[in-house]
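Visitor: Prediction below, plus the sequence it came from.
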Amino acid sequence: MKIHNTRGGRAFDAVNYVFLAGVGLLMLVPFVYVIAGSFATEAEITRRPFFIWPEQFTTAAYQYIFSTPAFPRALITTILVAAVGTLIQLALTVTMAYPLAKRNLRGRRLVLNLVVFAMVFSGGMIPTFLVVKQLGLLNTYWALILPAAINPFSLIIIKNFFQDLPAELEESAKIDGATEVQILLRILLPLSKPILATFALFYAVGIWNDFMSPLLYLSDSSMWTLQMYLRQVTASADLLGTGALDPNYVPPEQGIKFAVIVVATLPILVFYPFLQKHFAKGMLIGSVKG
């Protein structure tokens with residue numbers, strides 16, 4: 001008899017469900033408060049320290065942030081950098097993982113040892129900044145993408161996935177005259193959708209939430225990403241600039257901060273459900289063998 005069919009097993013499951021539901025609600029409440037605050041008036045935010053439903057709905061905060069040139073520019077910049085950066089990181093990771101999956105590759109062990117070493121140790125902030133400066137990448141969007149183009153952990157997982165695929169697939173393709181590039185593009189990549197979708201989301205979230213790289217490498221405020229503007233707005237909503245509204249209009253400062261947080265977080269929350277089905281399979285595949 002399975003333990004979940006016994007009275008004790010069912011009670012254990014019920015306690016787990018209640019506990020996990022409570023933890024989930026605790027994690028959800030702060031975000032609900034931010035959403036409610038973004039639709040509340042400035043007076044209500046000041047008067048009520050906490051609420052999950054505003055007494056009076058208003059979209060003044062959203063109207064203000066989208067009427068300014070700074071915020072939409074930062075939003076579009078972040079979307080483009082995240083999209084291009086994710087494609088580049090996936091392409092470089094896959095093209096490096098595929099040859100390392102070949103056991104007969106000369107120097108394979110040395111390269112893998114260097115990858116593991118890079119995963120444990122890093123050059124640090126100052127050496128990385130000096131390298132970016134010497135390469136002439138300061139005040140360019142490439143500085144947000146190239147320094148972290150290949151993640152050692154992701155590389156090892158994808159390498160293990162390629163390594164665990166049946167060797168007969170490549171052998172039959174080579175008999176038919178396929179090259180290594182054709183094998184990778186037409187055979188291995190279609191089989192790698194779960195793991196590629198998982199790491200694509202990891203890469204995209206990492207670039208989207210990256211705050212330190214724009215802070216270090218971008219001195220031009222017109223090139224700032226969304227996280228930089230989020231940081232500046234939380235310090236002072238006036239830094240958004242003058243919008244297309246009435247110049248005498250006093251913006252809801254606290255509401256603007258909440259609205260910017262919602263807009264900065266919403267795209268990631270929208271994409272998560274579509275890729276969630278790939279998470280468990282993508283993370284488990286290739287993560288056992290070295």
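Guide: Looks like it came in fine.
Visitor: Can you give me the neighbour number for Ile126?
Guide: Ile126 has 9 neighbours, counted by other CB atoms under 10 Å. Every C-beta, even on glycine, is put in place using the N, C-alpha and C of the backbone.
Visitor: which ones are touching it?
Guide: If you count contacts by CB atoms under 8 Å, 6 or more residues apart in numbering, Ile126 has none.
Visitor: For it, which three-state class applies?
Guide: helix (DSSP: H, G, I helix; E, B strand; the rest coil).
Visitor: For it, give its distance to Lys133.
Guide: For Ile126, the distance to Lys133 equals 10 Å [CB to CB, to the nearest Å].
Visitor: what does Ala36 give?
Guide: Taking CB to CB, one finds Ala36 at 44 Å from Lys133.
Visitor: More neighbours: these two, which one.
Guide: Between Ala36 and Lys133, counted using other CB under 10 Å, Ala36 has the larger neighbour count: 19 against 13.
Visitor: What segments of the stretch 51-200 of the chain are helices?
Guide: Counting by DSSP state H, counting those that start in this stretch, the segments of the stretch 51-200 of the chain that form helices are 60-67, 70-100, 108-120, 125-134, 152-164, 167-175, 180-183, 189-191, 193-208.
Visitor: Tell me which of the ones you listed lies nearest to Asp13.
Guide: helix 193-208 (28.0 Å; CB to CB).
Visitor: ok, and for the following helix or strand past the closest one, which residues are buried?
Guide: As assigned by DSSP states H and E, the chain's next helix or strand after helix 193-208 is helix 212-217. Neighbour counts using 16 or more other CB atoms under 10 Å place 213-214, 216-217 of helix 212-217 among the buried residues.
Visitor: how distant is the helix or strand just after helix 212-217 from the center of its chain?
Guide: Downstream of helix 212-217, the first helix or strand assigned by DSSP H and E is helix 226-235. Chain-centre distance of helix 226-235: 18 Å, with CA atoms, centre = their mean, to the nearest Å.
Visitor: Could you list the low-pLDDT ranges of the stretch 101-250 of the chain?
Guide: 234-250 (pLDDT under 70).
Visitor: and the spatially most central residue of the chain, how far is that from Ala97?
Guide: The residue lying closest to the centre of the chain (CA atoms, centre = their mean) is Val205, at 0.5 Å. Val205 sits at a distance of 20 Å from Ala97 (criterion: CB to CB).
Visitor: between the host helix or strand of Ile268 and helix 70-100, how big is the angle?
Guide: Using DSSP H and E, Ile268 falls within helix 253-275. Angle between the axes of helix 253-275 and helix 70-100 is 30 degrees (criterion: axes from the mean of the first three to the mean of the last three CA atoms, to 10 degrees).
Visitor: Buried ones in helix 253-275, by neighbour count?
Guide: 253-265, 267, 275.
Visitor: Contacts only, for the closest residue to Phe202 other than its chain neighbours.
Guide: Nearest residue to Phe202, sequence neighbours excluded (CB to CB, 6 or more residues apart in numbering): Ser154, at 7.0 Å. Ser154 makes contact with 93, 199, 202-203 under the criterion CB under 8 Å, 6+ apart.
Visitor: Kindly report the same for Ile207.
Guide: 81-82, 85-86, 144-145.
Visitor: mind redoing it with 10 Å?
Guide: By CB atoms under 10 Å, 6 or more residues apart in numbering, the contact list for Ile207 reads 78, 81-86, 89, 144-145, 148, 213, 225, 227.
Visitor: burial count for Trp224?
Guide: 21.
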